[in-house]
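Enquirer: kindly generate the corresponding structure for this input.
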Amino acid sequence: MSANTRIVVGVDGSPASEQALRWAVDYAKAVGGTVDAVTAWEYPAFYGWGGTAVPTGESLNPEELAGQTLAESVAKAVGTDPGVPISESVMPGNAAGALLQAAKGAALLVVGSRGLGGFSGVLLGSVSRHVTEHAPCPVVVVREGQVEAP
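Expert: Have a look, this model is predicted:
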């Protein structure tokens with residue numbers, strides 16, 4: 001892989017996604033690549049139902065909250081000097097759709113096996129399953145507890 005190898009990793013604040021981010025950073029170091037940490041945001045489904053308006057301003061800003069979660073996850077998982085360039089992208093839409101969009105032109109897409117909302121015992125979450133079936137590039141699914149070396 002070349003020096004401009006872009007590795008996209010899904011980050012949602014879960015331990016599994018932070019482990020996937022560490023794996024992606026280690027892999028980027030090994031191949032001289034860059035990491036694009038991606039998170040997605042949506043308005044909760046219950047807003048807009050039954051005449052309830054989508055809150056505005058200070059009451060709810062899911063894009064801002066997603067950006068804060070992403071920044072905190074990156075800092076927690078790899079610190080302030082990860083050794084490779086990391087960009088942070090906050091994208092609107094569902095997680096699987098955002099990751100598939102971000103993965104266009106990427107060398108690799110990395111996801112955790114279970115993110116937020118996963119059911120205990122499920123080996124492959126709905127997002128990781130969807131992206132493995134539809135991604136435009138190879139996908140690595142980092143299982144919880146998996147060794148973190150590429």
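Enquirer: could you list the residues in contact with the lowest-mean-pLDDT helix or strand in the chain?
Expert: For the chain, counting by mean pLDDT, DSSP states H and E, helix 126-134 ranks last in confidence among helices and strands (a mean of 88). Residues outside helix 126-134 that contact it (C-beta atoms under 8 Å, 6 or more residues apart in numbering): 10, 95-96, 99-100, 103, 109, 111-115, 124, 139, 141. Heads up, the C-betas are built off the backbone N, CA and C, glycines and all.
Enquirer: any buried residues in that helix, and which?
Expert: 126-131 (16 or more other C-beta atoms under 10 Å).
Enquirer: quick one on the thing from earlier: neighbour-wise, which one of the contacts of helix 126-134 leads?
Expert: Sorting the contacts of helix 126-134 by how many neighbours each has (other C-beta atoms under 10 Å) puts residue 111 first, at 33 neighbours.
Enquirer: phi, psi of that one?
Expert: phi -140, psi 160 (degrees, to the nearest 10).
Enquirer: kindly report the same for residue 6.
Expert: Note on residue 6: backbone dihedrals following degrees, to the nearest 10 are phi -100, psi 130.
Enquirer: next, count neighbours for it.
Expert: Residue 6 has 19 nearby residues by other C-beta under 10 Å.
Enquirer: ok, how many other residues are close to the residue lying closest to it once chain neighbours are set aside?
Expert: In this structure, residue 6 finds its nearest non-sequential neighbour in residue 106, 4.8 Å apart by C-beta to C-beta, 6 or more residues apart in numbering. The tally of other residues near residue 106 (other C-beta under 10 Å) stands at 22.
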